[in-house]
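J.: My questions concern the predicted model and sequence given below.
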Amino acid sequence: MTEILTLEKVLAFLKVDLTFACCWPLPVKATKSQKIRDKIFRSCCCLNGMLMLISLFYTLSLEHDNKFLLMKVGCELSAFLQVPIQITLFTLQSNRLQVIIYEMENYIQQANAEEKNIFQKYIDKCKLFYGITLSWITITAVAMVFGPLLLPQSFPIEVEYPFYVGQQPLKTVIYLHHAMVIYQSYVQVCSNVFVAVLLWFVAARFEILSNEFRKVTSSSEFKICIQLHQQLLRYAKDVTLAIRYITLSSIGFSTVAVVFSGLTFLSRQPLTVKTQFLTVGASALVEVFVCAWPADYVLNMSNKVGQAAYESLWYKKKISLQKDLLYIVLRCQQPVTVTVPCMLPTLSLNYYASYLSTTFSYLTTFRIIFDVEDGLEI
């Protein structure tokens, strides 16, 4: 008999799989020693990524006229820069995420059968896509790690150091360091699934609340739904505030990765190298969609709460409750969105479509620039 994938199992898997992403906060009742170990671990992960960045910038300083190398290193930088920046952003939001996770876990434990069915509906809707996404990102990471063992190139690209690294055991140490940084980049991309889970959870709670409004039969139940709506709006606001800059950074790095991996794919490179960077570019495009899809659902479901409240028996209630209903309907005209003022418009599927158009416009522009400057036949 096939084992059912539940929300509890999803959270347990992500908590282990994303350890090196440093996105999962400590428990609310974490001890002082746990907090110290967590800070040391986060610092070491940042340092490991920064060491790789230093070597890449050193390489660029030596080979800044090599356009092919610039494209490759630019693609790698978009992935490796994500490691220290994402860890820093998750650390800055750790207190807020701690409260969010604590409330989510408590809600799941106390959920009734109907609420669990709604959660299960969302899991069944998403598990295939996110399972394929994680598998694709894993294949990309494996290709980057083991590519140098099969291709005539250094690892992971032509990285230069101010010292000789061709002798053992230093060569092996450098190889393992690069492999670890690639793994960190992999888990940072996968951390978008963690962001998506938070958004899907918010969307599911809005759907649960909509169902509660439709079933209201008494004034006391109506008041409870109003209170739940206010609490859910505060929770949704905390979630969007915690993830918005993380999402913004993912979009920025994904754009750079798509542009430079696309340029590498369109240039004169061996097919094996093109395949490596094609997988990187595809993963970058999927990385943005991973968050845009649930964000679009949150936008729609938070808006539908007002419609559900209007479909209740509000006309049989007191005038004071009818006024509260009017406030809910008006409030729902401003749905919950993931946005950063002046930097990120409302994250949705419509935004994702414009993101694709803009990204490929950048790719076309850079391709023309390189073609004109160097006379490359792309």
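T.: Received it, and whenever you're ready, just let me know what you need.
J.: tell me the helices in the stretch 251-378 of the chain, going along the chain?
T.: In the stretch 251-378 of the chain, helices defined by DSSP state H, counting those that start in this stretch lie at 271-310, 319-332, 349-374, listed in chain order.
J.: Make CSV out of the ones you listed and add distance to Leu47 and mean pLDDT.
T.: All C-beta spots, glycine's among them, are computed from the backbone N, C-alpha and C. Rendered in CSV, the data for the helices of the stretch 251-378 of the chain read as follows (distance: least, C-beta to C-beta, whole Å; pLDDT from 0 to 100):
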stretch, distance to Leu47, mean pLDDT
helix 271-310, 24, 83
helix 319-332, 46, 73
helix 349-374, 31, 78
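J.: Arg96: which of those helices is closest?
T.: Of all the helices of the stretch 251-378 of the chain, helix 271-310 sits nearest to Arg96, with 17.0 Å by C-beta to C-beta.
J.: For the closest one, buried residues please.
T.: Across helix 271-310, burial judged by 16 or more other C-beta atoms under 10 Å covers 273-274, 276-302, 304-306, 308-309.
J.: same for that helix, what does it pack against?
T.: With contacts defined as 3 or more C-beta pairs under 8 Å, 6 or more residues apart in numbering; DSSP states H and E, the secondary structure elements packing on helix 271-310 are helix 67-80, helix 113-150, helix 170-214, helix 219-266, helix 319-332, helix 349-374.
J.: repeat that with 6 Å
T.: Other elements packing on helix 271-310 under the criterion 3 or more C-beta pairs under 6 Å, 6 or more residues apart in numbering; DSSP states H and E are helix 113-150, helix 170-214, helix 219-266, helix 319-332, helix 349-374.
J.: Give the rounded mean pLDDT of stretch 333-347.
T.: For stretch 333-347, the per-residue pLDDT values average out at 87.
J.: Could you do stretch 65-78 as well?
T.: Taken as a whole, stretch 65-78 has a mean pLDDT of 76.
J.: Buried residues, stretch 172-183. List them.
T.: Burial within stretch 172-183, assessed by neighbour count using 16+ other C-beta under 10 Å, is assigned to Ile174, Tyr175, His178, Ala179, Met180, Val181, Ile182, Tyr183.
J.: Turn those into JSON lines, columns for pLDDT and distance to Thr19.
T.: JSON lines is the format used below for those (pLDDT from 0 to 100; distance: C-beta to C-beta, whole Å):
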{"residue": "Ile174", "pLDDT": "82", "distance to Thr19": "24"}
{"residue": "Tyr175", "pLDDT": "81", "distance to Thr19": "22"}
{"residue": "His178", "pLDDT": "83", "distance to Thr19": "20"}
{"residue": "Ala179", "pLDDT": "83", "distance to Thr19": "16"}
{"residue": "Met180", "pLDDT": "87", "distance to Thr19": "13"}
{"residue": "Val181", "pLDDT": "87", "distance to Thr19": "15"}
{"residue": "Ile182", "pLDDT": "86", "distance to Thr19": "16"}
{"residue": "Tyr183", "pLDDT": "88", "distance to Thr19": "11"}
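J.: I'd like the helices of the stretch 251-378 of the chain written out as TSV, with distance to Phe68 added.
T.: As requested, these are arranged in TSV below (distance: least, C-beta to C-beta, whole Å):
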stretch	distance to Phe68
helix 271-310	10
helix 319-332	53
helix 349-374	9
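J.: of those helices, which approaches Met144 most closely?
T.: Nearest to Met144 among the helices of the stretch 251-378 of the chain is helix 271-310 (6.4 Å), distances taken as C-beta to C-beta.
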